[in-house]
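>>> sequence plus predicted model, see below.
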Amino acid sequence: MNSLDLLTFARGPALTAALCICVFGILLRLFEIYSLGRKTDLAPGRTDSPGSGWKTVVSRSIPPQGMVQRDPVTYIAGYVFHIGLLFAIFFFAPHIELIRDVLGIGWPALPSPVIDALTVAAILALFVLLAHRLVNPVKKHISTPGDYLAWTLTLLPLLTGYLAYNHLLLEYTLMLALHILSAEALLILLPFTKLFHTISVFISRWYNGDMFGRRGVAS
């Protein structure tokens with residue numbers, strides 16, 4: 001199989017399979033979560049806290065007061081990474097066209113040099129976070145192989161995408177195929193690793209906010 005055959009496979013059967021597995025895995029995990037049920041709340045619910053779930057989704061996305069000063073590496077590098085990743089996925093023209101082909105919707109893209117710079121920032125932030133995890137005694141102690149797997153799965157699409165766009169290291173067709181395959185590996189394993197937090201984080205924040213709002217306590 002030459003590089004063109006690999007690219008054709010990555011853009012065709014592999015992409016279809018990865019999307020199907022990802023969607024199935026997400027639905028399965030959500031079914032597992034919601035099938036756990038919710039205990040009956042015997043206390044009367046508060047009625048003066050409308051939208052508490054949505055408020056918590058927003059408030060939990062902002063660093064608590066003083067935490068940036070206490071742990072600047074985690075928060076600053078974390079925000080740089082997530083913002084860079086978000087823009088690289090959803091505002092790069094080829095990615096938007098892929099979304100348009102799959103879902104039939106699209107939106108304006110950012111200039112490619114902007115996406116390129118944000119991708120570099122996200123890659124550097126990932127390495128900073130990894131180094132911090134390795135030198136921080138507490139984080140190193142609680143880290144599991146799943147954490148390093150999630151880190152690798154996240155890095156590879158960013159790195160190979162940057163190398164492909166800038167025609168570095170390998171021949172373009174091969175690097176593009178590796179980029180697509182690495183993104184597909186991410187899609188396949190996302191529902192079954194710690195990366196599932198990309199789906200569950202906002203659900204859990206809304207749930208906690210709504211539950212605490214009904215009880216009249218801060219979330």
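Arrived safely.
>>> identify each buried residue in the helix or strand bottoming out on mean pLDDT in the chain, please.
Lowest by mean pLDDT, DSSP states H and E among the helices and strands of the chain is helix 52-59, with a mean of 76. If you call a residue buried by 16 or more other CB atoms under 10 Å, then helix 52-59 has these buried ones: 52, 53, 55, 56, 57. C-beta: built from backbone N, CA, C; applies to glycine.
>>> and the helix or strand just after it, average pLDDT?
Per DSSP states H and E, helix 52-59 leads on to helix 67-70 as the next helix or strand towards the C-terminus. Average pLDDT, helix 67-70: 82.
>>> give me the number of residues near residue 158?
Per other CB atoms under 10 Å, the neighbour tally for residue 158 reads 23.
>>> same question, residue 118
With other CB under 10 Å as criterion, residue 118 counts 21.
>>> so it touches residue 90, yeah?
No - in this structure, residue 118 is not within contact of residue 90 by CB atoms under 8 Å, at 11.2 Å.
>>> overlap in contacts of these two?
Common contacts of residue 118 and residue 90, defined by CB atoms under 8 Å, 6 or more residues apart in numbering, are absent altogether.
>>> so in this structure, which helix runs the longest?
If you go by DSSP state H, the chain has its longest helix at helix 112-135.
>>> centre of the chain to that one, how far?
The chain centroid and the centroid of helix 112-135 are separated by 14 Å, computed with CA atoms, centre = their mean, to the nearest Å.
>>> how far away is the spatially most central residue of the chain from residue 189?
The chain has residue 198 as the residue nearest its centroid, 4.8 Å off, counting by CA atoms, centre = their mean. When distance is defined by CB to CB, to the nearest Å, residue 198 is 12 Å away from residue 189.
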